[in-house]
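[1] Any chance you can model this:
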Amino acid sequence: MTHVITALCTREGDCVEVCPVDCIVPGPTDDPAWNDLFFIDPDTCIDCGACVPVCPPEAIFPEEDVPAEYESDIQRNADFFAEGPGYWDYDLEHERSTLRGEPKA
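    As a prediction, this is how the structure comes out:
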C-alpha cells in the first residue's frame with residue numbers, strides 16, 4: 001500500500017521536505033489538470049507515514065484509510081505518475097509562493 005494526498009491538500013509542501021525517499025511531487029501550477037495538489041508516487045512510497053503528521057490540512061491518508069468522499073484521489077494520484085507529469089524539475093519555494101499569490105521572481 002501507499003499513502004495518498006487527497007483534495008484536502010493546500011499545497012503547503014511540508015510533506016515534500018520530510019519524505020525520506022523523495023516521492024512527493026507538486027502538480028505544476030501552470031497545468032490546470034494537476035495544479036491543485038501534491039502527489040505521492042505509489043511505486044516509490046515506502047509507507048513510512050512521515051508525511052502524515054506534518055500535513056497542516058490533514059490531507060494525507062494510508063490508501064486503505066482514504067475517506068469515501070476522496071476515493072477518486074487514489075486513482076488520480078496514480079495517474080499523475082502513469083499518465084501525467086510525474087517527476088518534474090520544480091522549485092518548492094516557487095510552488096509555495098505561487099500558491100500564496102505572490103509575484104513570480
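
[2] what's the helix or strand for the nearest residue to residue 18 once chain neighbours are set aside?
    Using C-beta to C-beta, 6 or more residues apart in numbering and skipping the chain neighbours, the partner closest in space to residue 18 is residue 50 (4.7 Å). Where you see a C-beta, it was placed from the backbone N, CA and C, and this is true even at glycine. Assigning secondary structure by DSSP states H and E places residue 50 outside every helix and strand.

[3] What is the burial count for residue 50?
    16 (other C-beta atoms under 10 Å).

[4] do the same with residue 20
    Count around residue 20 with other C-beta under 10 Å applied: 9.

[5] what's near enough to touch residue 6?
    Neighbour list for residue 6: 37, 59-61, 66-67, 70, 73 [criterion: C-beta atoms under 8 Å, 6 or more residues apart in numbering].

[6] per-residue confidence averaged over stretch 17-28?
    For stretch 17-28, the mean pLDDT works out to 92.

[7] Okay, the spatially most central residue of the chain and residue 30: tell me how far apart.
    Centroid-nearest residue in the chain, with C-alpha atoms, centre = their mean: residue 38, separated by 2.0 Å. As judged by C-beta to C-beta, to the nearest Å, residue 38 and residue 30 stand 15 Å apart.

[8] Residue 58 too?
    Taking C-beta to C-beta, one finds residue 58 at 27 Å from residue 30.

[9] that older thread, right, and the residue nearest to residue 18 touches residue 19 too?
    Yes - the pair residue 50 / residue 19 is scored as a contact, 6.4 Å apart, by C-beta atoms under 8 Å.

[10] Can you classify residue 15 by secondary structure?
    Under DSSP: H, G, I helix; E, B strand; the rest coil, the three-state class of residue 15 is helix.

[11] An error on my part: the question was meant for residue 34.
    Strictly by three-state DSSP, residue 34 counts as coil.

[12] With adjacent residues omitted, what lies nearest to it?
    Per C-beta to C-beta, 6+ apart, closest to residue 34 is residue 27, 3.3 Å.

[13] residues touching the residue nearest to residue 18, list them.
    Here residue 50 is in contact with 18-20 (C-beta under 8 Å, 6+ apart).
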